[in-house]
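Asker: Got a predicted model here, sequence first, then my questions.
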Amino acid sequence: MKTISFSIPGLAVAAMLALAGCATPESRIRKNPAAFDALSPEVQEAVRQGRVELGFPTVAVELALGKPDRIYTRQTETGTQEVWSYVGYTTSLDRQRVEGRFRIKDPQGGYRTVTDSIWVDVDRRTEYEKLRVEFGGGQVRAIERTR
């Protein structure tokens, strides 16, 4: 039996890190300075830190956290509220045995097909909801965080 491990090439990791740099509060503030300047100094400081608090307007939440991954509508006796959901991801490694027919090059330089099993490492990505922000009247009315 053979063990083969697959990993992300360094170039792909560098590209992912570069893209992640575009998704910061500072980058969102640079893209929308007028909206940021309209906020109070206390709200501006929280936005810079990527925090949201009760009473924040929707624009402050979007500047601090970015666009939500999902938007829900919550209907209660008192009316309808919009709920923004932000998700996170965990990655775990799962080792799996794969049996099959594989084409190999033999010592004489020829090719042949063999039946064998190999072990492969597979990244298992799991999504979880990390934050919900509920709005009412254009302001944050409730915040739910996972522990």
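Answerer: That came through fine.
Asker: which residues of the chain fall in strands?
Answerer: Secondary structure of the chain (DSSP state E): strands at 2-4, 70-76, 79-105, 111-136, 139-145.
Asker: closest one to Ala34 among those strands?
Answerer: strand 139-145 (19.4 Å; CB to CB). Every residue, glycine included, has its C-beta placed from N, CA and C.
Asker: which ones are touching the spatially most central residue of the chain?
Answerer: The chain has Gly88 as the residue nearest its centroid, 4.9 Å off, counting by CA atoms, centre = their mean. Neighbouring residues of Gly88 by CB atoms under 8 Å, 6 or more residues apart in numbering: 127-130.
Asker: Narrow those to those that are buried.
Answerer: With burial judged by 16 or more other CB atoms under 10 Å, the buried subset of the contacts of Gly88 is empty.
Asker: will you turn those residues into CSV that also has distance to Asp116?
Answerer: Formatted as CSV, the contacts of Gly88 follow (distance: CB to CB, whole Å):
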residue, distance to Asp116
Glu127, 35
Tyr128, 37
Glu129, 42
Lys130, 42
